[in-house]
Structure formats: structure tokens, C-alpha cells
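Colleague: got a sequence here, can you model it:
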Amino acid sequence: MDVHWQRALLAQLIRYVAATQATAAVVFHGGWMTLALATWGHAAGDGSTTETVTRALTRAFVWLGGVDADGRGGIDSLMRAWGALTVGVYAADALCRALFGQWPRIALWKFAAASFAIAAGGWTLALWPAEAGKSPASDIALLVGVFSTLAGASTAWAIAARRLGDRLVDAIAPANAPPSNAPPPAAPPPIAQ
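Modeller: Numbers count the residues shown, from 1 in each chain. Take a look at the predicted model:
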């Protein structure tokens with residue numbers, strides 16, 4: 001295998017590892033979305049759109065390996081689903097790169113703050129109807145704060161990993177570098193005096 005293909009393969013491996021770091025952020029945001037759909041879908045009754053979406057998400061989790069053959073989940077089945085999800089996150093990242101190119105250089109804290117705010121609203125929406133009257137408001141606020149902070153922190157981690165991955169890829173396989181077996185560029189013509 002020539003050096004060009006080795007570099008291309010290494011670049012994709014680095015991008016895969018970097019893209020998989022977003023899986024935690026996907027899970028923390030997916031958690032409030034799923035819980036909100038389940039809570040509000042249950043309130044809406046059988047046959048509602050939210051119940052249909054919740055069932056589809058549950059089937060997807062089972063399909064990813066989130067439960068074992070006996071219909072139970074554990075750390076092994078959760079890790080299997082997590083591993084399968086990383087492939088999807090990598091594929092989505094690769095597709096976005098192909099369609100839109102590099103992300104704009106927005107400050108890391110802005111990504112984290114936006115993720116935190118979205119998660120705080122989402123977890124509040126998801127937990128409020130389910131726990132209203134059952135748990136003190138301080139317990140709900142604590143859960144919202146913890147899960148939102150984890151969502152924001154995991155988003156910051158994912159963006160930092162992606163940027164580090166991009167720098168590593170640029171260092172080993174510059175975007176405009178010709179393959180190693182390409183002929184050297186022609187010398188420019190002499191300048192006339």
C-alpha cells in the first residue's frame with residue numbers, strides 16, 4: 001500500500017475516533033428527547049404521533065443491540081448499542097463534511113452554552129410533567145442541572161476532539177498534497193529580464 005493510501009486510511013481512522021466523541025452528547029440530548037416523547041406521548045394517549053415516534057426510537061434501540069436475547073438490558077447490551085451508534089455518528093459527520101465542508105470557527109464555549117441551554121429546556125420539558133407533584137421542584141432542578149451540564153460538557157469535548165482530529169489530519173495528510181507517487185510539479189518558466 002503506498003504512502004498516500006496509508007495517510008488517507010490513517011486520516012479516516014483519526015476522524016472516526018474524533019467523531020465518536022460526539023456520541024455522549026448525542027446520548028444526553030437523545031435522552032431528553034426520548035423521555036419527552038414518552039412522557040408527552042403517554043399523556044396524548046394511544047395512537048398519537050409522539051407515541052408512534054417513541055415506539056420507533058425504542059425499536060431502533062433494540063435493533064442497535066440495546067437489549068439482549070431475553071429482552072433485558074445491561075452494561076454489555078448498552079455498550080453494544082453505544083458502539084453501533086458511534087458508526088452512525090461517524091457516517092453523519094463524514095456526510096456533513098462532504099456536503100458542507102468545515103464547520104465555522106465558533107468559540108468552543110458558545111457551542112457548549114448552546115448545548116447546555118437546549119438540554120436544560122429539553123430536560124425541563126421531559127421531567128416536568130412526569131415528576132410534577134411527585135418530586136420536589138429542587139430535585140427536578142437538580143436533575144435538569146446535572147444532565148444539562150453533562151450535555152454541555154460532552155458537546156465541548158466533542159468539538160475539541162473534532163478540532164484536534166482535524167489538526168492531526170492536516171499534519172499527516174495536507175488537503176492539497178499530491179499523492180506520493182505523483183510526478184513533481186513542473187518548474188516555473190524563467191522570468192524575462
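Colleague: next SSE after the helix or strand containing residue 6?
Modeller: Element membership of residue 6 [criterion: DSSP states H and E] is helix 3-20. Note on helix 3-20: by DSSP H and E, the next helix or strand toward the C-terminus is helix 23-44.
Colleague: now that following helix, how far from the chain's geometric center?
Modeller: Taking the mean of its C-alpha atoms, helix 23-44 sits 15 Å from the chain's own mean (CA atoms, centre = their mean, to the nearest Å).
Colleague: ranking helices and strands of this structure by mean pLDDT, which lands last?
Modeller: Every helix and strand in the chain was compared by mean pLDDT, DSSP states H and E; the lowest is helix 49-63, with a mean of 74.
Colleague: which intervals of this protein have sub-threshold pLDDT?
Modeller: 1, 41-51, 129-133, 135, 173-189, 192-193 (pLDDT under 70).
Colleague: try it again with 80
Modeller: Flagging of the chain using pLDDT under 80 yields the residue ranges 1-3, 34, 36-62, 64-80, 82, 102-105, 128-137, 173-193.
Colleague: report the buried residues of the longest helix that it contains.
Modeller: Assignment by DSSP state H gives helix 137-172 as the longest helix of the chain. For helix 137-172, the neighbour count (16 or more other CB atoms under 10 Å) marks 140, 143-144, 147-148, 150-159, 161-162, 165-166, 168-169 as buried. Yep, even glycine has a C-beta here, placed from its N, CA and C like the rest.
Colleague: from residue 73, how far out is residue 113?
Modeller: Per CB to CB, to the nearest Å, residue 113 is found 33 Å from residue 73.
Colleague: check residue 40 too.
Modeller: Using CB to CB, we find residue 40 at a distance of 23 Å from residue 73.
Colleague: how about residue 172?
Modeller: 39 Å.
Colleague: distance of residue 144 from residue 123?
Modeller: Counting by CB to CB, the gap from residue 144 to residue 123 is 4 Å.
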